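Participant: Quick one, structure for this:
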Amino acid sequence: MWRRPWRELLDRPVLGGRSHLGSVLWAGAHFGLGLLLWVLDGYFERPGVDPMWLLGTLALVCAAVLFRRSAPGAALLLGTVALVLDGALLGPSAGVFITYGDVLYAVGAWGRRRLAHATFGTVAALNAAVLGVGGYLVATGWMEGGGLALLQLLGMYVLVFTMPMVTGLTIREHHLRAELERQRARQIARMAELDRGNAVAEERGRMARELHDVIANHLSAVAVQSTAALSMREFDPERVRRILSVVRDNSVQGLAEMRRMIGVLRADDNPDLERVTPRLAEVDRLVATAREAGLEVVFAERGARRGLPAPVDAAAYRIVQESLTNALRYAVPKRVEITVEHPGPRGGALVLTAENGADRQDAPGWAADLGAGAGLAGMRERAALLGGGFDAGPVAGGRWRVRAELPVEPGADEDGTNTETRGAGLNT
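Facilitator: So this is what the prediction gives:
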């Protein structure tokens, strides 16, 4: 917030930091006004009292103004002493009463809440006392002027004591409201920062899942084929050619998917985002790639194939992709059975099941090892984000099963394709 240079100058601490330059100048202005009123005989002269003493009480109350911001309580005490001396013993004088009103304003604006409320209560009580005593004096004839004199007395009291106190409390309320608004603005900014951090963390998690699914599938096929080539005891040109062809195809496909993902991430507002998102209809390419890498795949679909929401479509594709990757790495024998159960026309759940052998029953904790990878965690997160269910673990017969249920809202558009239950032959 921009501040005026003169405000910073007036807020500069003086007198060891116990006062401010603005208060010093303001105290000097009050002393000058009081001195002018003293010269103009703005005081009540008491018999036997030298008017010069009134300058002492004026200086004392002006000294209280010096500390009205840094120590309002001490300023009120010092100003009250000066007011009592001036009003009860020496004067009273107009300059002291006017300056004391500014001390009351400072207590209301900058003093502690308890001190400000107590002072205001005292001023209000004295106001009622002045009204009561004045009314009694008017009623008994002790005060000349009648009701007009009472109104003048009451108006003078309100002007000198009550109005500065009310003004100070009003300023305090404005300061409190401004501080609350500043705190609220800081909280809103903090919440926005937290939301931004959560959004960044979620986006990082999503990107991590996508990168893992894209890279792991193709690199696993490359690693398996490379291992097969290195384990050859006799050089077989035709087999080496097939292995290199699989390696090349997986590398090209992996690079293509990486380029597609980078293109989506670089686009500020990409209306074709849904078009570039992988779909379950492209799963045949995944199956073909897995078979080329040496994995026997039995793939079956049940129910009528219908249009799926883009998030469900992409999640299903990635879950099938990761299931094939895990089977390629861990399945014994190298065979996996994948089943896709499409939801009905009234909605339901898209159910994906992948089952393969796992020859690790004899190793302690083998099920936990298989379920602790980033791939299974990513599949579980994808299903959870869509409000679905996911389960992965060993089943009877020493096999490993992955099952995901992705909910599909009713009214999904159908693509008009009816797919009967079909099975893919074994890879030879």
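
Participant: Ramachandran angles for residue 256?
Facilitator: When read as degrees, to the nearest 10, the backbone of residue 256 gives phi -60, psi -40.

Participant: now residue 47
Facilitator: According to degrees, to the nearest 10, residue 47 has phi -60, psi 130.

Participant: same question for the host helix or strand of residue 291, mean pLDDT?
Facilitator: Using DSSP states H and E, residue 291 sits within helix 283-292. The pLDDT scores in helix 283-292 average 83.

Participant: again with stretch 389-405
Facilitator: In this model, stretch 389-405 has a mean pLDDT of 88.

Participant: Can I get that stretch as PDB, trimmed to CA atoms?
Facilitator: C-alpha atoms of stretch 389-405 as PDB (Å, rounded to 0.1, in the frame of the first residue of the first chain):
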ATOM      1  CA  GLY A 389     -13.300 -49.500  -7.000                       C
ATOM      2  CA  PHE A 390     -10.000 -51.300  -7.500                       C
ATOM      3  CA  ASP A 391      -8.600 -54.500  -6.200                       C
ATOM      4  CA  ALA A 392      -5.400 -56.300  -6.900                       C
ATOM      5  CA  GLY A 393      -4.100 -59.500  -5.200                       C
ATOM      6  CA  PRO A 394      -3.500 -63.200  -5.400                       C
ATOM      7  CA  VAL A 395      -6.400 -65.600  -6.100                       C
ATOM      8  CA  ALA A 396      -6.800 -69.300  -5.900                       C
ATOM      9  CA  GLY A 397      -4.400 -71.400  -8.000                       C
ATOM     10  CA  GLY A 398      -1.400 -69.200  -7.600                       C
ATOM     11  CA  ARG A 399      -2.700 -66.500  -9.900                       C
ATOM     12  CA  TRP A 400      -2.800 -62.700  -9.700                       C
ATOM     13  CA  ARG A 401      -5.900 -60.700 -10.500                       C
ATOM     14  CA  VAL A 402      -6.500 -57.100 -11.100                       C
ATOM     15  CA  ARG A 403     -10.100 -55.800 -11.100                       C
ATOM     16  CA  ALA A 404     -11.300 -52.300 -11.600                       C
ATOM     17  CA  GLU A 405     -14.800 -50.900 -11.600                       C
END
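
Participant: name the helices or strands packed onto the biggest helix by length in the chain?
Facilitator: The single longest helix within the chain, with elements called by DSSP state H, is helix 163-230. Contact here means 3 or more C-beta pairs under 8 Å, 6 or more residues apart in numbering; DSSP states H and E; on that basis helix 163-230 packs against helix 94-110, helix 113-140, helix 237-266, helix 283-292, helix 310-330, helix 374-385. C-beta: built from backbone N, CA, C; applies to glycine.

Participant: And residue 351, its phi and psi?
Facilitator: Main-chain dihedrals, residue 351, degrees, to the nearest 10: phi -110, psi 130.

Participant: wait, it sits on residue 408?
Facilitator: No - using C-beta atoms under 8 Å, residue 351 is not in contact with residue 408, being 10.4 Å away.

Participant: and the two? which has more neighbours close in?
Facilitator: Between residue 351 and residue 408, counted using other C-beta atoms under 10 Å, residue 408 has the larger neighbour count: 23 against 19.

Participant: ok, now how distant is that one from residue 39?
Facilitator: Relative to residue 39, residue 408 is positioned 94 Å away (C-beta to C-beta, to the nearest Å).

Participant: Report pLDDT for the residue most central in space within the chain.
Facilitator: Central residue of the chain (C-alpha atoms, centre = their mean): residue 191, 1.5 Å from the mean position. Looking at residue 191, its pLDDT reads 87.

Participant: Residue 39 now?
Facilitator: Residue 39 carries a pLDDT value of 90.

Participant: Tell me how many other residues surround it.
Facilitator: 8.

Participant: Could I get the phi/psi values of residue 308?
Facilitator: Backbone geometry at residue 308, expressed as degrees, to the nearest 10, gives phi -120, psi 150.

Participant: got the contact list for it?
Facilitator: Residues near residue 308 by C-beta atoms under 8 Å, 6 or more residues apart in numbering: 279-280, 316, 350, 408, 412.

Participant: Mark which of the residues you listed are buried, thanks.
Facilitator: 279-280, 316, 350, 408, 412 (16 or more other C-beta atoms under 10 Å).

Participant: Return the member of the residues you listed nearest to residue 121.
Facilitator: Minimum distance to residue 121 across these is 69.2 Å, recorded for residue 408 (C-beta to C-beta).

Participant: and the closest residue to that closest one other than its chain neighbours, how many neighbours does it have?
Facilitator: Of all residues not flanking residue 408 in the chain, residue 343 sits nearest, at 4.6 Å (C-beta to C-beta, 6 or more residues apart in numbering). Residues lying near residue 343 (other C-beta under 10 Å) number 22.

Participant: gap between residue 343 and residue 158?
Facilitator: From residue 343 over to residue 158 (counting by C-beta to C-beta), the distance is 79 Å.

Participant: I'd like the distance between the residue nearest to residue 408 and residue 13.
Facilitator: Distance, residue 343 to residue 13, using C-beta to C-beta: 74 Å.

Participant: Likewise for residue 351?
Facilitator: Distance, residue 351 to residue 13, by C-beta to C-beta: 74 Å.

Participant: Kindly report the same for residue 313.
Facilitator: Separation of residue 313 from residue 13 (C-beta to C-beta): 68 Å.

Participant: got it, and residue 174?
Facilitator: Counting by C-beta to C-beta, the gap from residue 174 to residue 13 is 24 Å.
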